[in-house]
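Peer 1: Here you go, sequence then predicted model.
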Amino acid sequence: MSSADRTSGSPAESIDLDAYPLLDLAAPPAQALLARCRAQLAAAGCCELPGFLTPEATARMVRESDEIAPRAHHAAGPITVYLEVPEAGLPDDHPRRHLDRSSLAAIAYDLIPQRHALRALYEWDPLMGFLAAALGRDRLYRYADPFGALNVAVMGHGDTLGWHFDQTDFVVSIALRDAEEGGDFEYVPAIRSATDERYDDVRAVLAGERTPVRRVPMTPGTLLLFQGRHSMHRVTEVRGATTRLVALLAYDTRPGTVSSDLLRLARYGRSAPAA
């Protein structure tokens, strides 16, 4: 790794490199870290890296996110478990007809200034290289979408995200600030597979079965790798005056990934860059 990655002002300063030595992925400490990440993902579809950000970096990212939070677009409405239109012709209690509630705001990538420490970290190649290795991928690419490449999800009192499966193989997030109450990330690991939807198990969780549900603490500074295509998950309702802040870093295994105009309108309230 070049000496520039260690100099003052580098995104490396945002990371606790003693706990997460990612500057030299071939070195034994990094190899041990990567092995732990892959083992967690294999066991539960989720890898939690607490204290990935230093307290100082976390505080700065919170402060800089609060400055632009008034420009976040708030979207609310029904959500289905499969992020699709409810299927007609199925019984009313079928999981593909289940409707839950989604309510949250998102700060789009084009609204996050270059000086923002979070943006500098997202655009830093060594982080992307580490994430690719942790996920067992040959290479990752940052999203080419001007809105969706990097977001800060802002959830205030009454906001929530209902049970659903992701349509992507993995999500990378960094917890920045917890809510006063609620805002818990809950998931059911591998409740379905590529060959078995296991609708009865999904239906049971939707009806309130808690046995298979796991909760990831919302600890500021934590980086989370989550494979949500087969693990149903949600964010419980936020309560209190403190907004919950989570950074969402978008990568893909293919270059040039962008969102549709329809998705941009739904998530950001516009399809053209901000003035």
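Peer 2: In hand now; what should we look at? Residues are numbered from 1 along each chain as shown.
Peer 1: can I assume Cys47 is in contact with Thr222?
Peer 2: No: assessed by Cβ atoms under 8 Å, Cys47 is found out of contact with Thr222, at 10.5 Å. For every residue, glycine as well, the C-beta is placed using N, CA and C.
Peer 1: which of the residues in stretch 161-180 are buried?
Peer 2: 161-166, 170-179 (16 or more other Cβ atoms under 10 Å).
Peer 1: Straight-line length of it, end to end?
Peer 2: Using Cα to Cα, to the nearest Å, one end of stretch 161-180 lies 17 Å from the other.
Peer 1: can you check stretch 160-171 too?
Peer 2: Across stretch 160-171, first to last residue, Cα to Cα, it's 18 Å.
Peer 1: Tell me which stretches of the chain form strands.
Peer 2: Assigned by DSSP state E, the strands in the chain fall at 46-49, 73-80, 99-107, 141-142, 150-155, 160-164, 171-177, 185-188, 214-216, 223-226, 232-235, 244-249, 251-252.
Peer 1: So which residue is smack in the middle of this structure?
Peer 2: Ser173 (3.5 Å; Cα atoms, centre = their mean).
Peer 1: Name all residues that make contact with that one.
Peer 2: Ser173 makes contacts with 223-224, 226, 246-249, as judged by Cβ atoms under 8 Å, 6 or more residues apart in numbering.
Peer 1: tell me the two of those residues that are most distant?
Peer 2: Phe226 and Ala247 (13.4 Å; Cβ to Cβ).
Peer 1: Relative to Thr160, how far out is the residue of the chain most remote from its centre?
Peer 2: Centroid-distance maximum for the chain: Gly89 at 33.5 Å, with Cα atoms, centre = their mean. Gly89 is 29 Å from Thr160, where distance means Cβ to Cβ, to the nearest Å.
Peer 1: Also Asp18?
Peer 2: 36 Å.
Peer 1: the more surrounded of the two?
Peer 2: Counted by other Cβ atoms under 10 Å, Asp18 and Thr160 do not tie: Thr160 has more neighbours, with 19 against 8.
Peer 1: Make sure the more buried one is actually in contact with Arg239.
Peer 2: No: contact criterion Cβ under 8 Å: Thr160 and Arg239 do not qualify, at 10.0 Å.
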